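S.K.: Next comes the sequence, and after it the predicted model I'd like to discuss.
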Amino acid sequence: MNEVVAANDAVSLWALLARRAQASGDAVALVDEHGRRVTFADVVSLAERVAAGLLARGIGPGSTVSWQLPTRIDTIVLSLALSRLGVTQNPIIPLYRAREVGAMIAQCASDWLITLGEFRGFDHGAMAEDLRAAGGDRLELMILTDELPTGDPAALPPVPTGGGDEVRWIYTTSGTTSSPKGVCHTDGTLIAGGVSLADAIGATADDVGTIFFPYAHIGGPDLLIASLTTGMTLAVIEVYEPVAAVDLMRRAGVTITGGSTPHYAMLLAEQQKNPGTPVVPTLRMLTGGGAAMPEKLFRDVLAELNIPILHAYGMTECPMITSARMSDTVEQLATTSGRPVLGCEVQIRSENDEVLPTGAVGRVWLRGPMLFKEYRADGEIIRPFDADGWMFTGDTGRLEEHGHLVLVGREKDLIIRKGESISPTEIEEVLATHTALADVAVIGLPDDRAGERICAVVQLRDGATEPDVDEIRRYCRDAGLSPAKFPEEVVIVSEMPKTPTMKIRKQHLRQSVMDSRALSGAAVE
């Protein structure tokens, strides 16, 4: 049965899961790289037992739980168990370290942190203990080992009612400030995003999709909800490594995969090892977003894999904004971010908030049922919407004749690396304490694989020894930054270009570095 939930249905995530299990309980819901397979009925049963185990530990309605876990079947089950209990949850990407995790626990006023011990060479359990100690032991910890806690579902309270309008999800976004903000979603906003994704890519119960990126990313529930609304199977992998990912895709018969531009590029590289032989014979499309897609990459994928990329545009605040569709022309697929998804509206406005005509470049505004409810930042609630519910995305672009969006640039001072928004300010504040540096600016430079790479442009203090990139990265690590935010390049300048009010001219600096690379013959990818 291929039941699709309308975007404006006020149902909870748990109700959506229950409906899917009733409609097609014996169908496979999730598979992983270890050969584990669970049906939709299994997911309900597992999640109920885990919910009972969490309740016995003291987690229940009214709790706020931060969790930092890799992409595993058990992580999805845990997340659904928390939904069954009516808990507010704060998913945190495993790459984040003490600085980011501590900030989000504080923003959310979390009661609990659920995490692992050691994962990929980092001791998350020890970090969690340090964070609890720093917070005066107010935070409760659950450090998972081999299995999730379980209990008797008969002990569970009634399923929470009230639809999908209460804030139940708080995601992390960098913004342009040093501290991450909490982006508050409801079950309803996430369901609207997932339904619009399923609609845009034409997913059905015959499809097998993938979550090959952190499930804690906003794209995680997007795909989960697309699965629950259509009956599509999902393959998950906890660490994305191209050879292992291809092996899983072949075994699972994956038809839809992607994530972000680097995923496209890595799959293309695998295909190019054996030209003429489909790397995953069952694939019918790639899809994703998070960063700009170079036109050449699209055309190379189409030529080598003989399938299109249906690239999309979204953000943590609004997981689906526009998306390509199979009905688009090759030119539209290659050069635009697609059309607004089901339920979403997009306007292009001038700086004076006048709606601009087709073809004019201006600020990208949006509204729709998948738009978040509010920010949490430093104890304040911020709702960045106009009187009619529209929000400025921080991006600039234009709408073409048939409604396709072409993104031109960003007004926000952000770096988009491997689909993640990174605040330069956060890195600059860390490097500003380095004794060798008189001034610092962190910028993003174009990169074919990552979208952008992080470059620290620094001005030295008189007599200081020039630090190399390894020293800068060690300094960031010691400050508790995530490795994803470590500068990948260091450029030394004699003086920073500044405005009359002494603000660094970031765009001027970025162009200057790129121009100097081009003149010297160095590659700017």
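M.R.: That came through, no problem.

S.K.: For Asp119, grab the count of nearby residues.
M.R.: Quick fix: residue 119 reads Phe, not Asp. 16 (other Cβ atoms under 10 Å). C-beta: built from backbone N, CA, C; applies to glycine.

S.K.: correction: Ala292
M.R.: 18.

S.K.: and the residue lying farthest from the centre of the chain, what helix or strand is that in?
M.R.: In the chain, Gly463 marks the outermost C-alpha relative to the chain mean, sitting 42.4 Å out by Cα atoms, centre = their mean. Counting by DSSP states H and E, there is no helix or strand that carries Gly463.

S.K.: In the stretch 101-250 of the chain, where is pLDDT below threshold?
M.R.: 162-163, 174-178 (pLDDT under 70).

S.K.: show me where it has strands.
M.R.: 112-116, 118-119, 122-123, 140-144, 167-173, 181-186, 208-211, 233-236 (DSSP state E, counting those that start in this stretch).

S.K.: can you check the stretch 251-400 of the chain too?
M.R.: 256-259, 285-288, 309-315, 318-323, 339-340, 345-349, 362-367, 374-377, 380-382, 391-399.

S.K.: Among those strands, show me which one is buried the most.
M.R.: strand 318-323 (a mean of 28; mean count of other Cβ atoms under 10 Å).

S.K.: domains for the chain, by residue range?
M.R.: When the chain is parsed with automatic domain parsing, its domains come out as 13-399, 423-520.

S.K.: Could you single out the most deeply buried of these?
M.R.: Using mean count of other Cβ under 10 Å, domain 13-399 ranks as the most buried of the domains of the chain, with a mean of 19.

S.K.: Nearest residue to His311 in space, please, no chain neighbours.
M.R.: Distances taken as Cβ to Cβ, 6 or more residues apart in numbering put Met293 closest to His311, at 4.5 Å, once the chain neighbours are dropped.

S.K.: Give the bridge partners for Leu144, please.
M.R.: Leu116 (DSSP bridges).

S.K.: so it touches Ile114, yeah?
M.R.: Yes - if you go by Cβ atoms under 8 Å, Leu144 and Ile114 touch, sitting 6.7 Å apart.

S.K.: who touches both of the two?
M.R.: Leu69 (Cβ atoms under 8 Å, 6 or more residues apart in numbering).

S.K.: Return the residues in contact with Thr233.
M.R.: 27-31, 207-209, 227, 252.

S.K.: Tell me the buried residues in stretch 410-419?
M.R.: 410, 413-419 (16 or more other Cβ atoms under 10 Å).

S.K.: Contacts made by stretch 366-384 with the rest, please.
M.R.: 7-8, 107-108, 167, 170, 177, 179, 181-186, 188-190, 192-193, 196, 316-321, 340-341, 343-347, 385, 388-393.

S.K.: model confidence over that stretch, on average?
M.R.: Per-residue pLDDT values over stretch 366-384 give a mean of 95.

S.K.: Now do it: distance to the chain's middle.
M.R.: 17 Å (Cα atoms, centre = their mean, to the nearest Å).

S.K.: Now do the end-to-end distance for that stretch.
M.R.: Start and end residues of stretch 366-384 are separated by 12 Å (Cα to Cα, to the nearest Å).

S.K.: Same question for stretch 101-119.
M.R.: So stretch 101-119: terminal residues 15 Å apart, Cα to Cα.

S.K.: Centre-most residue in this protein?
M.R.: Short answer for the chain (Cα atoms, centre = their mean): His217, at 3.6 Å.

S.K.: With Lys418 as the reference, measure out to the closest residue to that residue other than its chain neighbours.
M.R.: Excluding the flanking residues, the one nearest His217 by Cβ to Cβ, 6+ apart is Ile93, at 6.4 Å. Going from Ile93 to Lys418 by Cβ to Cβ, to the nearest Å gives 11 Å.
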